[in-house]
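Participant: Please find the sequence and the predicted model below.
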Amino acid sequence: MTASPGISVGANGVSRCWWGDSDDLRSYHDNEWGRPVNDDPRLFEKLNLEGFMAGLSWLTILRKRENFRAAFRSFEPAKIARFTSRDVSRLMRDEGIVRNRAKIEATINNARRYADLTQEFGSFAAYAWKYEPKPRRRLLDRDELAEIELPAEAIAMSKDLRRRGWAFVGPTTVHSFMQAMGLVNDHLRGCDAGRESERLRRAFVRPR
């Protein structure tokens, strides 16, 4: 049986999206990417790490993720919101993260905006999941997925976040966040992890 375009079949018979079949990305692809998340700290962390990824690769960020977590106090918004210029200087000296002042200051800014958003919606998860795109009837192959435009919901969420003063949350960043956190299932057709993500999405209770 011929694999769907973009699917890599490992020696153990596991089928994966082509981008996830490497030693550095296999666990992330199989166990995280595309699985629905309703945990506020994880969602906040991911959105900001996607911002740090702008102009870089996700692998670069993934390799530094534990360093980011240590530097940004486990991405607890209340703690980051209290960061001062001294913390910015500390982070700019930290070789374990991406030392980009604009992105560092954006994360601090977003943490300060976080309280107002969660007060209005009850949780960051409730806010994010209200932008969940309508599910597709089936998973797409690589060529089909390449033809898909950014979801209108990603554009709308980006626009709303920026209206609220958030930074480094452009439509492409928000779409990548949605893909990673399971708001959409963009695993390719024939991917074993994609089938598991779809099962989890069907059972997932959307936060309200």
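Facilitator: In hand now; what should we look at? Numbering: from 1, shown residues only.
Participant: Run through the residues that contact the closest residue to C191 other than its chain neighbours.
Facilitator: Counting by Cβ to Cβ, 6 or more residues apart in numbering, C191 lies nearest to C17, which is 5.1 Å off, once chain neighbours are set aside. For every residue, glycine as well, the C-beta is placed using N, CA and C. With contact set as Cβ atoms under 8 Å, 6 or more residues apart in numbering, C17 has these partners: 6-8, 29, 187-188, 191, 193-194.
Participant: Can you show me the helices along this protein?
Facilitator: With DSSP state H as the criterion, the chain has helices at 26-31, 40-53, 58-63, 65-71, 77-80, 85-92, 101-121, 124-129, 142-146, 152-163, 171-180, 192-203.
Participant: and W166, how many residues sit next to it?
Facilitator: 21 (other Cβ atoms under 10 Å).
Participant: show me the contacts for the closest residue to it other than its chain neighbours.
Facilitator: Spatially, and ignoring its direct neighbours in sequence, W166 is nearest to N110 (5.1 Å; Cβ to Cβ, 6+ apart). By Cβ under 8 Å, 6+ apart, the contact set of N110 is 44, 47-48, 51, 77, 166-169.
Participant: could you give the mean pLDDT of stretch 144-157?
Facilitator: Stretch 144-157 shows a mean pLDDT of 95.
Participant: what does the worst-scoring helix or strand of the chain on mean pLDDT contact?
Facilitator: None of the helices or strands of the chain scores lower by mean pLDDT, DSSP states H and E than helix 142-146, at a mean of 92. Where contact means Cβ under 8 Å, 6+ apart, the residues beyond helix 142-146 that reach it are 4-7, 18, 186, 188.
Participant: pLDDT check: weakest of those residues?
Facilitator: S4 (83).
Participant: What values do phi and psi take at that one?
Facilitator: phi -60, psi 150 (degrees, to the nearest 10).
Participant: Skipping adjacent residues, who's closest to it in space?
Facilitator: Closest to S4 by Cβ to Cβ, 6+ apart is G190, at 3.8 Å.
Participant: tell me the contacts of the one you found?
Facilitator: Per Cβ under 8 Å, 6+ apart, neighbours of G190: 3-4, 7, 15, 139, 141.
Participant: One more: V88?
Facilitator: 101, 104-105, 108.
Participant: May I ask which of the residues you listed has the most neighbours?
Facilitator: Highest count within the contacts of V88 by other Cβ under 10 Å belongs to I104, 24 neighbours.
Participant: surely G182 meets L200?
Facilitator: Yes: assessed by Cβ atoms under 8 Å, G182 is found in contact with L200 at 7.2 Å.
Participant: circling back to that earlier point, ranking the helices of the chain by mean pLDDT, which is last?
Facilitator: helix 142-146 (a mean of 92).
Participant: Kindly provide the distance from the residue nearest to W166 to R69.
Facilitator: N110 sits 16 Å away from R69, going by Cβ to Cβ, to the nearest Å.
Participant: ok, now N100?
Facilitator: For N100, the distance to R69 - Cβ to Cβ - is 17 Å.
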